[in-house]
Every structure is written in structure tokens, then in C-alpha cells.
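S.K.: Predicted model and sequence follow; I will ask about them next.
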Amino acid sequence: MESSLEKMVDPTLAEMGKNLNEAMKMLEDNQRKIEEENEKKYVRKDIPGPLQGSGQDMVSILQLVQNLMHGEEEDESSQSYRLQNVGEQGHMALLGHSLAAYISVLNRERLRNLTTRILSDTTLWLCRLFRYENGSAYYHEDDREGLLKVCRLVIHSCYEDYTVEGFNVLYNKQPVIYISSAARTGLGQTLCSQLGLPLSCMCRVPCNTMFGSQHQMDVALLDRLIKDDIESGKLPLLLVANAGTPGAGHTDKLGRLKELCEQYNMWLHVEGVNLATLALGYVSSSVLAATKCDSMTLTLGSWLGLPAVPAVTLYRHEDPSLSLAAGLTSSQPVEKLRALPLWLSLQYLGHDGIVERIKHASQLSQRLLENLKNIDFIKTSVEDEFSSPVVVFKFSPELPNIDQMLHAGPITSNERHISDTFNQWLGEQLAQLVPASGVDVVELEDEGTCVRFSPLLTSAVLGTEVQDVDQLVDCLKMKIPILTCTLQLREEFEQEVKRTVGLSYIEDLSWPGLGVVRYEYNSDGKNDDKQEKEAEKINTGLLKKLNELESDLSFSLGPEFGGEKNCVYIGMVTEDLDVSELVETIAATGREIEENSRLLENMTEVVRKGIQEAQVQLQKANEERLLEEGLLRQIPVVGSVLNWFSPFQASPKGRTFNLTAGSLESTEPTYVSKAQGTGTTPPPTPTPSRIKQRLPGQKLFKRSLRSSDGFSETSSVSHTDDLEKLEQRSHSVSTAQEQGIVETEKAEQQNEIAQVTNDNTEDLQSQKSGNDGTKVEEQESLR
């Protein structure tokens with residue numbers, strides 16, 4: 001590309017393209033040098049400082065821009081991901097902004113000719129690409145600005161004296177703008193504030209409630225609203241319809257709405273992501289009706305992955321003077337240069353490249369929709385099952401299949417809240433596990449919290465491919481059993497906690513997990529502040545102990561904002577969870593922590609009282625010693641002489657505190673025996689009463705399932721049978737040990753008796769042998 005730049009006639013354009021390439025390479029390079037990292041530790045680049053007098057070169061400035069873009073975070077994959085997918089077409093769009101600044105310095109005649117050509121080409125290409133015949137184009141940065149200019153055009157068209165009289169004309173006959181209740185949030189307020197109209201000029205049209213999609217505008221109700229406004233002396237001005245609502249991506253009945261607008265002489269404006277499918281060979285009839293509307297807004301930047309390109313509003317109007325008065329056209333050539341980045345990018349992509357990108361996004365959504373049909377407990381909300389650019393789905397445990405979906409009863413508010421919580425967690429997990437998919441969480445009025453996949457808005461920027469969609473489906477299949485099991489075990493966990501003494505169940509519908517439990521501290525008449533501190537201390541220690549256990553569960557303090565205090569939040573679980581063992585372990589651990597806390601508190605009080613008592617006794621002992629020694633021995637000189645002539649022997653008296661017994665004792669036995677007594681044995685530490693035998697490698701709170709993968713078809717013994725055999729074996733071993741102890745005691749007694757008998761026998765034998773020896777000696781002496 002550098003060789004082609006050198007062949008350019010204008011050296012300034014060649015230098016501009018070369019500098020842009022070098023700048024983009026520097027900004028896209030995320031590797032930091034060691035010297036720069038060491039310098040950033042001491043110098044903060046994000047703190048504003050004075051302007052340097054000598055100036056800086058381009059490399060230093062671009063390095064500063066790179067540091068500000070990526071910050072000081074270690075993980076820069078999320079920030080750099082978007083830059084890596086800009087591509088060459090993105091470079092063309094960025095080059096357009098540089099060229100616009102360069103072209104603006106041309107002489108007026110050349111500037112007018114160039115801007116006219118750029119504007120005409122871009123408008124012609126877009127009108128043909130999106131099947132909008134005989135249209136004009138307005139290029140704007142804010143995607144709402146086009147609708148704002150169109151509203152001013154309609155006001156100028158319907159109120160002939162508006163230019164002269166202004167708001168007085170509007171006061172005599174108030175205009176009304178109709179928007180759908182499914183439109184993006186804040187659109188009506190923005191239009192009223194920018195146009196200087198009261199909020200009463202904005203009429204929100206409800207969506208269908210009985211027939212059709214619940215995200216489509218109710219045409220019959222709109223007709224009645226228009227008639228009521230006309231009868232009250234108002235002027236229906238404009239209708240804003242959706243070809244792809246911001247939430248669910250549904251398209252209004254544009255054909256019927258266009259007929260209604262022609263009937264009441266209203267302007268029809270259409271916007272939405274589904275307008276991108278107008279560039280495809282096959283277009284649904286509902287979206288194809290948008291080509292007959294009076295104006296439409298296109299956001300090509302997100303559809304094609306083009307950075308910093310303007311949005312386009314195509315419109316049809318015959319009076320150019322009114323368009324100029326409304327601001328849709330301008331006599332300033334510089335303003336026409338807004339289309340330059342788009343003009344360059346469209347030429348780079350070409351017609352086939354644009355269609356291919358939009359077609360690829362539609363195929364991704366269709367692939368996901370086909371896979372979601374085969375997953376249980378997933379409910380989709382799409383307008384057309386065969387062609388839907390936006391796929392909205394949710395986890396619906398009460399609807400495992402279509403038959404139950406049709407016969408399902410009303411859902412209570414608590415069930416709706418729990419469902420929204422679980423779907424919020426599901427959407428966040430999928431977005432974290434598969435970031436290239438671009439899924440996000442949306443709030444719909446009827447469906448509640450749902451997960452949305454809109455590749456037309458994200459795939460071109462994130463580079464979403466088919467394998468990303470397959471990975472998204474695999475992750476969804478892994479999360480569904482976890483959601484189902486957690487939802488089923490929530491009630492069992494609640495009942496088990498309520499039956500356990502010392503625990504209280506905290507109902508938190510916004511927590512995506514098994515539930516919330518709190519260990520209740522027995523206050524014993526303490527004040528509220530001290531009781532709360534002790535409860536916080538115990539529950540914090542309980543959380544720490546639970547996290548130290550070898551289990552697959554997650555324990556936490558709950559959300560950072562809005563959660564309950566002094567509680568333990570338990571996350572998602574699997575089907576092999578032993579709820580009773582979990583609750584009993586929590587209760588036993590809490591009791592152990594409470595008893596240790598009480599023991600420490602009581603010991604502190606006993607030690608304090610013992611110290612006070614020891615001080616009193618030592619003071620009495622000193623007084624007694626003074627009385628025994630006498631007054632003369634207390635005089636400094638006399639006492640020394642007297643002690644030298646007549647020493648006073650006094651036994652040392654002290655006090656020792658027995659922590660086990662909690663009593664104050666004298667130190668005289670210690671000085672006598674010259675050894676300190678051991679005292680009584682401390683009581684054993686309380687442990688949970690229930691001890692469950694486990695297989696090697698089995699973690700806590702797990703119960704073996706006969707239907708698990710560990711069950712072998714060739715073996716007739718399951719994990720449960722193994723546990724039962726282990727328990728029976730341990731019971732038999734303990735019984736045998738007890739019997740062995742009794743037998744050992746009997747054997748020892750018999751050995752003692754036998755030993756005593758042997759000793760007596762040996763004594764008798766020794767006596768007999770002694771008597772025999774004396775007889776022999778006597779006989780020899782006689783001889």
C-alpha cells in the first residue's frame with residue numbers, strides 16, 4: 001500500500017495516508033516496553049498538566065493517546081478487541097475525517113464541486129442499496145437528529161405561517177406526534193425538548209394485547225387516538241414506527257400504518273435494525289413496506305462495522321426551501337463533507353461486500369434460532385421463525401415444552417422476579433464466556449428479563465463467526481441444568497433452614513442462587529449494637545469457614561449494593577447436592593464459632609476478675625508481712641542492720657490463675673514441689689454430630705446418584721451401596737473393637753492371676769530348696 005501511496009500525484013494525500021497507517025499501527029500495538037511501564041509507576045499520564053512550551057513530536061503524542069485509551073489495566077483484551085476488528089474499511093473511514101479537514105482548505109469552487117459529487121454519489125448508492133427510490137439524504141452524528149429535522153420539516157409543511165408567527169400558530173392548533181410504547185427510552189422527551197413543544201404533544205401508542213405480536217403497535221387503537229385528537233382540535237403531525245424494536249426486534253405493520261397516515265395526511269418515519277435487510281435479495285413483506293414510508297434512519301456504522309461514520313436519514317420531499325429551513329440541507333459546503341468517511345468506506349466494501357456482511361449477520365441469528373428450538377426450558381420471542389435478525393430468548397422453567405406453554409397458568413409476582421433474576425445471571429454468564437457473541441440482557445414489558453442476540457449490531461465489530469454461535473449454544477446447554485436444579489432445590493433449602501435451630505432463612509428474590517441464610521446469635525440481654533457486632537463477627541467467621549471447605553459451592557456476602565447484612569449467600573448448585581448435610585454443616589459450624597466466642601468472652605471476664613482478686617490478696621499479704629517484720633525493719637538504715645544481725649525468714653507467697661478451672665490458687669505448692677501442676681483436662685471441642693462416610697475423592701455436600709456417570713453397567717454395586725457397606729463395615733469394626741476390649745481385659749485379669757500363682761509357687765519352691773540346703777549343711781557339719 002505504501003508503494004501505491006507514493007505514486008499519487010498530490011504528495012500531501014500520500015503523506016496523509018502514510019501518517020494514518022503509522023498512527024494506526026502504533027495505536028493498535030498493545031505491547032508495552034519495560035521502560036515505559038517503570039515510568040508509568042511514578043508519572044500518572046491521566047492527570048492534567050501544563051502545556052509544554054517546547055512542544056512534542058507525533059510519536060510522543062500518539063503514545064500518550066495509546067496510554068489514555070488502554071489505561072493501566074493488566075488485562076487489555078477487551079479494550080484492544082474492538083481495535084483489532086476495525087480492518088481496512090475502518091481505516092478508510094478514519095482517513096475520511098483527515099481528508100475532510102484537508103479538503104476544507106481548498107478554494108470555494110473546487111470545494112463545492114467536490115462536496116456535491118461526494119454527496120450525490122453517497123445518496124445514490126444508499127437509495128439503490130436499500131430500495132428507497134427518489135430520496136434525499138441527511139447525514140448526522142446523533143441518530144436522533146435526523147428524526148428531529150424531519151419533525152421540523154413536517155411542522156414547516158403543515159403550518160404555513162410558522163416561519164413568521166412561530167409558536168402562536170402551534171398554540172392555536174396543537175400538533176401531535178405518535179410513537180410506539182416499544183420505542184427507545186427517552187425519544188419522546190428528546191423530541192419535545194428540542195422542538196420546544198410540551199409533553200402533551202407526544203402520544204404513546206400501546207402495543208397489541210390480544211392479537212399479533214405484543215411488541216407491535218396497535219393499529220386499531222392508534223386509529224381511535226387520531227380521531228379523538230382531531231375532534232379535540234389537535235393536528236396529527238407525524239408517526240414514528242419501528243422496523244425492529246429496540247428490545248425484541250419486532251416490526252410494526254408498516255403497510256397498514258402507511259394507509260392510516262395517508263388517510264389522515266400524516267408523515268410516517270421508520271427506524272430500526274431490520275431496515276438493514278432491505279439490502280438482501282429476500283426481504284420479508286413487513287420490512288419491505290418501509291420503502292414506501294416518508295423517511296427512514298439508517299445506522300450503517302454498527303451494521304457494517306465502520307467507526308466514526310455518520311447515520312443517514314433518507315426522506316422524500318418536493319420543496320427544497322422547506323428542507324433548507326428545517327436544516328435537512330445546507331448551503332455550506334463544509335457540512336456536506338460529513339458524508340466523506342461513508343463515501344470512502346462504501347467504495348472500499350462495494351455492493352457485494354455490504355450485502356455479504358448483512359447476510360452473514362442474518363445467518364448467525366437464524367443458526368442460533370434453530371439450535372434454541374431443540375433446548376428444553378428455553379422460550380424464544382421472535383417475530384418470524386424463518387427470518388429474524390434479532391433473537392430474544394429466556395430461561396423459562398415452567399414451560400419445558402410447547403404443550404405446557406399453551407396451558408400454563410398465570411405467573412405470580414415472586415415467580416416472575418425469580419425468573420428475571422435467573423435470566424439476568426444467565427445473560428451475564430453467556431456474555432462472559434462467549435464475548436465474541438455480543439449477547440446482552442434486555443428488559444421487556446411482557447416477557448421480563450431476556451437475553452438478546454442481535455448480530456446486525458455487534459457481529460461486524462466483534463467479528464462474530466459460526467463457531468461463536470455454536471460455542472454459545474454449548475454454554476447455554478451447560479447452564480440450563482444448573483439453573484433447573486438450583487430452582488428446584490430452593491424450596492427444599494428454605495424448609496430445611498426453617499427446621500434447623502439457630503438458622504433463619506432470608507428471602508432475597510434478586511439473588512441468583514440456592515438462597516440466603518443467617519446464623520442467629522443468642523444475645524442474652526445485650527444491647528442492639530453489641531448484638532449486631534457479634535452477629536456480624538459470627539457470620540463473617542462462618543463464611544470464612546465454609547469457603548475453606550472442599551466443596552463446589554460458592555459462598556459470599558452477597559451483592560455489593562442492596563444485599564442483606566450479616567448473611568451467607570449460597571450460589572448455584574447441581575443436582576447431586578445434599579441439602580440436609582449442607583444446612584447441618586452450616587448450623588454446626590455456626591454453633592462452634594459461637595461457643596468459641598462465648599468461651600473467649602467468659603475467659604476474658606474470669607481473667608479480669610481473677611487479676612482484681614489477686615491484687616487484693618497480694619495487698620493483704622504485704623500488710624501481713626509488714627506486721628510480721630515489724631516497724632524497725634522498714635527504716636532504711638536500721639532495717640538493714642537489724643536484718644544482718646537477725647535475718648527474717650519468710651516464705652514467698654504468690655498467686656497463680658488456673659485457666660481451666662477459673663480459680664485463683666496459691667503458689668506455695670509450686671515452691672514446695674518445684675513443679676507446676678497440670679490441672680484438669682480441658683473439654684473437647686464441639687464437632688458436628690453427623691459424620692458421613694465418603695468415597696475417595698468425593699467432595700462435601702455431594703450425594704451419590706444411581707443415574708450418575710460413575711455407575712457402571714457391568715457392576716451391580718453403585719456408589720450408594722459402597723457407602724452402605726462402608727457404614728456397615730465401620731459398625732462391625734467398632735463392635736468387634738468393643739468385644740476385643742472386653743476380651744483383652746479378661747485375658748489381662750487371667751494373666752495377672754496366673755502370674756500371682758506362679759509367683760507363689762516360685763516362693764514355695766525357693767523356701768523348699770532353702771530348707772533342703774540347710775539340712776545338707778547340718779549333716780555335713782555332723783560328719
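M.R.: Alright, I've got the coordinates.

S.K.: what residue ranges in the stretch 351-500 of the chain score low on pLDDT?
M.R.: Along the stretch 351-500 of the chain, segments meeting pLDDT under 70 span 398-411.

S.K.: quick one: the closest residue in space to residue 242 that isn't next to it in sequence from residue 290, how far?
M.R.: Spatially, and ignoring its direct neighbours in sequence, residue 242 is nearest to residue 272 (4.7 Å; C-beta to C-beta, 6 or more residues apart in numbering). Backbone N, C-alpha and C define where each C-beta goes, glycine included. Separation of residue 272 from residue 290 (C-beta to C-beta, to the nearest Å) stands at 8 Å.

S.K.: what do you get for residue 186?
M.R.: As judged by C-beta to C-beta, residue 186 and residue 290 stand 23 Å apart.

S.K.: Just checking: what are the partner strands of the helix or strand hosting residue 505?
M.R.: For residue 505, the enclosing helix or strand under DSSP states H and E is strand 503-506. Strand 503-506 sits in its sheet next to strand 515-519 (antiparallel), going by DSSP bridges.

S.K.: For residue 339, list the residues it contacts.
M.R.: Taking C-beta atoms under 8 Å, 6 or more residues apart in numbering, we find residue 339 in contact with 118-119, 122-123, 137, 139, 310.

S.K.: Kindly recompute the last result at 7 Å.
M.R.: Applying C-beta atoms under 7 Å, 6 or more residues apart in numbering to residue 339 gives the contacts 118-119, 122, 139.

S.K.: Please tell me I have it right and residue 244 contacts residue 276.
M.R.: No: contact criterion C-beta atoms under 7 Å: residue 244 and residue 276 do not qualify, at 8.5 Å.

S.K.: any idea how far residue 118 is from residue 99?
M.R.: 10 Å.

S.K.: So which of the contacts of residue 339 belong to helices?
M.R.: 118-119, 122 (DSSP state H).

S.K.: So which of those residues is surrounded by the most neighbours?
M.R.: Top of the ones in helices among the contacts of residue 339 by neighbour number is residue 122, holding 25 neighbours under the definition other C-beta atoms under 10 Å.

S.K.: Go ahead and confirm that residue touches residue 342.
M.R.: Yes: Residue 122 is within contact range of residue 342, at 5.7 Å (criterion: C-beta under 7 Å).

S.K.: Mind jotting down where the helices sit in the stretch 101-250 of the chain?
M.R.: Here the stretch 101-250 of the chain has its helices, by DSSP state H, counting those that start in this stretch, at 108-129, 145-158, 162-165, 167-172, 187-195, 219-231.

S.K.: from memory residue 266 sits against residue 238, does it?
M.R.: Yes: at 6.3 Å, residue 266 counts as touching residue 238 under the criterion of C-beta under 7 Å.

S.K.: Wait, a helix at residue 324?
M.R.: Yes: assigned with DSSP: H, G, I helix; E, B strand; the rest coil, residue 324 falls within a helix.

S.K.: List the contacts of residue 547.
M.R.: residue 555.

S.K.: report the longest strand in this protein, please.
M.R.: Identified as the longest strand of the chain according to DSSP state E is strand 235-242.

S.K.: quick one: the closest residue to residue 393 other than its chain neighbours from residue 482, how far?
M.R.: Nearest residue to residue 393, sequence neighbours excluded (C-beta to C-beta, 6+ apart): residue 380, at 4.7 Å. Residue 380 sits 20 Å away from residue 482, going by C-beta to C-beta.

S.K.: Now the strand holding residue 505: buried residues?
M.R.: Neighbour-count burial for strand 503-506, counted by 16 or more other C-beta atoms under 10 Å, picks out 503, 505-506.

S.K.: what residues does it touch?
M.R.: Against strand 503-506 from outside (C-beta under 7 Å, 6+ apart): 494, 497-498, 515-520, 564, 567, 583, 586-587.

S.K.: The same query, at a cut-off of 8 Å, please.
M.R.: 493-494, 497-498, 515-520, 564, 567, 583, 586-587, 590.

S.K.: For residue 316, the count of nearby residues, please.
M.R.: For residue 316, the neighbour count with other C-beta under 10 Å is 13.

S.K.: OK, contacts around it?
M.R.: Contacts of residue 316 (C-beta under 8 Å, 6+ apart): 134-136, 294-295.

S.K.: Can you classify the nearest residue to residue 515 once chain neighbours are set aside as helix, strand or coil?
M.R.: Using C-beta to C-beta, 6+ apart and skipping the chain neighbours, the partner closest in space to residue 515 is residue 493 (4.8 Å). Secondary structure for residue 493, judged by three-state DSSP, is helix.
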